[in-house]
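Student: Need coordinates for the following:
(2 chains)
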There are 2 protein chains.
Amino acid sequence: MLIDALQYVRPSREIFQQMRLGKMSAVHITVGYHEDFFGVVENLQKWNRWFEDCGDLIVRATTCSDIFAAKAAGKTAILFGLQNPLAIGTDLRRVEVLAQLGIRFCQVTYNQQSMLGAGCFEPHDSGLTVFGREVVDEMNRLGMVIDLSHSGHKTAMDVVAYSKRPVTVTHANPSAWHQAPRNLHHDLLQALADTGGMVGFSLYPHHLKGGSGCSLSDFSQMVADTVQTYGSSMFGIGSDLCQDQPDSVVNWMRNGHWRKTPASLVEFPNSTVWFRDNRNFMGLAAGLGAVGLPAEPVSGILGANWMEFWDKAFKPS
Amino acid sequence: MLIDALQYVRPSREIFQQMRLGKMSAVHITVGYHEDFFGVVENLQKWNRWFEDCGDLIVRATTCSDIFAAKAAGKTAILFGLQNPLAIGTDLRRVEVLAQLGIRFCQVTYNQQSMLGAGCFEPHDSGLTVFGREVVDEMNRLGMVIDLSHSGHKTAMDVVAYSKRPVTVTHANPSAWHQAPRNLHHDLLQALADTGGMVGFSLYPHHLKGGSGCSLSDFSQMVADTVQTYGSSMFGIGSDLCQDQPDSVVNWMRNGHWRKTPASLVEFPNSTVWFRDNRNFMGLAAGLGAVGLPAEPVSGILGANWMEFWDKAFKPS
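Tutor: You can find the predicted model right below:
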């Protein structure tokens, strides 16, 4: 059971074939950054067409039963999430409609301030807002997984404390290993550990010590050290794979349409040599094994832990 | 198993209590007349709140399994449909998104011309349009039930001939019994009978001979006669109950926002004395029995026939 809890690959038959070659059981795909409600619907409509055209390779999933069924059928289950709560607007009722459209994950913010809280690039951290608490309650009720990736530290700590159900960071690494605004302070990791939350280790070069030059061994050693501190059952993978996206996309991710003058043009970082696409995912097992992690925590981190977490998390409360 | 294949009741706790007192297993509720996509989403959001607030009485359903589960839990299953394809606009991909939002039924038109075909009040009947054929194909694929209520005769005949799967008229009666634009010509009834389609007998006074004064006996005799001609298995009930709606609603139904000067103000007709609300539904059994219909066709017409039809019809092809 191999699961990647965060990808933003540019969909194509070739990508889906790579998912199958990589024996991926499930991939969580982002369908919203700066999109409003209609923009998310538009993305879902495009994905519906991919499911129709590539139904031999991928299948839409909203439950763990769907994932098991996909695995049995030799297909990769695709789950959907939002990296930004913009599609909710200020209409609390939209959370349930988004869940009914198949959205299983939603971030509290994406880098900047949202209606719910502050992003990790916001100079002042509002913490979880009044409306944010309402949305957390609603996500708790519906079984939509709260994702603190891209949140500011105070906002993230507030959500962990406020949420009645365990929350996640789908894609980030410990700051203790690599200091970056997107990586996670010990206090947050400890709070997640204390509350049954989960974290997906990221393979996005900006989140890795040494960036694109980070070795599988370095990454694996970080995983082993982190697991030793917090326990292995709270960790999975959220690769943040953005394969085949043009650089215009990373500039749009940074600036959306909210900034008049973008700071400067950016490019997607080069991938590491050991994680370029879904076929490399199973190679993580060898890396983790080589630094001494036993088979059971490795299989947990590569998929079983997310399955166990999602199986509870997706159920309405 | 008591099933009403069409209601547009004004939702309230009292109405849902009446559904329970009437032992209704399932009710198909209209969530779109003149609404666009966002308007339908808005209606679904309001219904989500009703499910939350009155979850002891009603439950959202999209499959026959959901209906059986509701019945076992002593609740009434609510299914959703559109009396107008406006929410699709001209975006074929919206059909699947609407299905994913829980829409199980959609009419080809509502009285006037739509993008798909002509309504029964349109002076010239376009028949099924080119886009209409695309939508029928898509509804066939997805297992969304095609409803020819309010269609023009030619359009309806075209759809029966074109659709690869059986189609329905959820709420209307034979014109041979009561001549009305909304009622059904023998040719259409025969075509539906020949193709495994279904018809829900309507209890809306404008569709009844004698209107609000129509007796249960007269209605039941019509049912018995119709069943004798076409067979009983293709019939159910689609009451068109519009309980508790103010007259402003029927004027909006007629005029939407598409007509600058409405012909004249209209009122909802008075209900018959024997069918005022969901508690009266089971009383139809006595009426049908009194005109000599045996128990088996009666239970088929009051619910089992819709269940058998829906069980196949809701499955993607």
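Student: Find the closest residue to chain B in the stretch 201-317 of chain A.
Tutor: residue A:316 (10.3 Å; Cβ to the nearest Cβ). All C-beta spots, glycine's among them, are computed from the backbone N, C-alpha and C.
Student: what about the closest residue to that residue other than its chain neighbours, neighbour count?
Tutor: Leaving aside its sequence neighbours, residue A:316 sits nearest to residue A:143 (Cβ to Cβ, 6 or more residues apart in numbering or on different chains; 4.7 Å). Residue A:143 sits with 17 neighbouring residues when counted by other Cβ atoms under 10 Å in any protein chain shown.
Student: Also residue A:271?
Tutor: 18.
Student: sec struct for it, please.
Tutor: When classified by DSSP: H, G, I helix; E, B strand; the rest coil, residue A:271 comes out as coil.
Student: my read: it touches residue A:213, true?
Tutor: No - contact between residue A:271 and residue A:213 fails when scored by Cβ atoms under 8 Å: they sit 11.1 Å apart.
Student: so how far is the helix or strand of chain A with the lowest mean pLDDT from its chain's centroid?
Tutor: None of the helices or strands of chain A scores lower by mean pLDDT, DSSP states H and E than helix A:247-255, at a mean of 94. Put simply, helix A:247-255 sits 18 Å off its chain's centre (Cα atoms, centre = their mean, to the nearest Å).
Student: which element follows the longest helix along chain A toward the C-terminus?
Tutor: Longest helix of chain A, by residue count under DSSP state H: helix A:37-53. Next helix or strand after helix A:37-53 toward the C-terminus (DSSP states H and E): strand A:58-60.
Student: Touching that next one from outside, list them.
Tutor: A:16, A:19, A:47-48, A:50-51, A:66, A:69-70, A:73, A:75-78, A:102 (Cβ atoms under 8 Å, 6 or more residues apart in numbering or on different chains).
Student: Now do the SS call for residue A:260.
Tutor: coil.
Student: For residue A:97, give me its contacts.
Tutor: Here residue A:97 is in contact with B:41, B:44, B:45, B:48, B:101 (Cβ under 8 Å, 6+ apart).
Student: The last one touches residue A:101, doesn't it?
Tutor: Spelled out, that is residue B:101. Yes - using Cβ under 8 Å, residue B:101 is in contact with residue A:101, at 6.4 Å.
Student: give me the number of residues near the residue nearest to residue A:42 when sequence neighbours are not counted?
Tutor: Spatial nearest neighbour of residue A:42, chain neighbours left out: residue A:35 (7.4 Å); criterion: Cβ to Cβ, 6+ apart. Applying other Cβ under 10 Å, we find 18 residues neighbouring residue A:35.
Student: and if you look at residue A:262?
Tutor: Applying other Cβ under 10 Å, I find that residue A:262 has 12 neighbouring residues.
Student: That one against residue A:253, yeah?
Tutor: No - between residue A:262 and residue A:253 there is no contact, the gap being 11.1 Å when judged by Cβ under 8 Å.
Student: gap between residue A:257 and residue A:35?
Tutor: Per Cβ to Cβ, to the nearest Å, residue A:257 is found 10 Å from residue A:35.
Student: try residue A:293
Tutor: From residue A:293 to residue A:35 the distance is 38 Å (Cβ to Cβ).
Student: what does residue A:160 give?
Tutor: Applying Cβ to Cβ to residue A:160 and residue A:35 gives a distance of 27 Å.
Student: give me the element the residue nearest to residue A:250 when sequence neighbours are not counted is part of.
Tutor: Leaving aside its sequence neighbours, residue A:250 sits nearest to residue A:268 (Cβ to Cβ, 6+ apart; 5.0 Å). Assigned by DSSP H and E, residue A:268 belongs to neither a helix nor a strand.
Student: Report the buried residues of the strand or helix carrying residue A:65.
Tutor: Assigned by DSSP H and E, residue A:65 belongs to helix A:64-72. Using 16 or more other Cβ atoms under 10 Å in any protein chain shown as the burial criterion, the residues of helix A:64-72 that qualify are A:64, A:66, A:67, A:68, A:70, A:71.
Student: ok, so of those, who is nearest chain B?
Tutor: Distances from chain B to the buried residues of helix A:64-72, taken by Cβ to the nearest Cβ, are shortest for residue A:66, at 13.3 Å.
Student: Could you tell me which residues make contact with the closest one?
Tutor: With Cβ under 8 Å, 6+ apart, residue A:66 has these contacts: A:59, A:60, A:77.
Student: same deal with residue A:193?
Tutor: Here residue A:193 is in contact with A:230, A:231, A:234 (Cβ under 8 Å, 6+ apart).
Student: Following the chain past the helix or strand encompassing it, name the next helix or strand.
Tutor: Taking DSSP H and E as the criterion, residue A:193 maps to helix A:186-194. As assigned by DSSP H and E, the chain's next helix or strand after helix A:186-194 is strand A:198-201.
Student: helices or strands up against that next one?
Tutor: strand A:168-169, helix A:186-194, helix A:216-230, strand A:235-237, helix A:305-313 (3 or more Cβ pairs under 8 Å, 6 or more residues apart in numbering or on different chains; DSSP states H and E).
Student: Turn the ones you listed into TSV, including distance to residue A:204 and mean pLDDT.
Tutor: Shown next, in TSV, are the helices and strands packed on strand A:198-201 (distance: least, Cβ to Cβ, whole Å; pLDDT from 0 to 100):
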stretch	distance to residue A:204	mean pLDDT
strand A:168-169	13	98
helix A:186-194	18	98
helix A:216-230	12	98
strand A:235-237	12	98
helix A:305-313	18	98
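Student: Just the C-alpha atoms of stretch A:186-202, please, in CSV.
Tutor: The C-alpha trace of stretch A:186-202 is given here as CSV (Å, rounded to 0.1, in the frame of the first residue of the first chain):
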residue,chain,number,x,y,z
HIS,A,186,9.3,21.0,17.2
ASP,A,187,6.4,22.4,19.2
LEU,A,188,4.0,21.8,16.3
LEU,A,189,5.4,18.3,15.7
GLN,A,190,5.0,17.5,19.4
ALA,A,191,1.5,18.9,19.5
LEU,A,192,0.6,16.8,16.5
ALA,A,193,2.1,13.7,18.2
ASP,A,194,0.2,14.4,21.4
THR,A,195,-3.1,14.7,19.6
GLY,A,196,-2.9,11.8,17.1
GLY,A,197,-2.2,14.0,14.2
MET,A,198,-0.1,13.1,11.1
VAL,A,199,2.7,14.6,9.0
GLY,A,200,3.7,13.8,5.4
PHE,A,201,7.4,14.1,4.8
SER,A,202,7.9,16.4,1.8
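Student: quick one: that stretch to chain centroid distance?
Tutor: Worked out by Cα atoms, centre = their mean, stretch A:186-202 lies 14 Å from the chain centre.
Student: thought residue A:239 was touching residue A:283?
Tutor: No - between residue A:239 and residue A:283 there is no contact under Cβ under 8 Å: 11.9 Å.
Student: who's more crowded, the two?
Tutor: More neighbours surround residue A:239 than the other of residue A:239 and residue A:283, with 27 against 13 (other Cβ under 10 Å).
Student: Give the closest residue to the more buried one in space, chain neighbours not counted.
Tutor: residue A:203 (4.2 Å).
Student: Can you pull the phi/psi pair for that neighbour?
Tutor: Main-chain torsions, residue A:203, degrees, to the nearest 10: phi -110, psi 10.
Student: Give me the neighbour count for it.
Tutor: 27.
Student: Likewise for residue A:306?
Tutor: Here the number of neighbours of residue A:306 (other Cβ under 10 Å) works out to 32.
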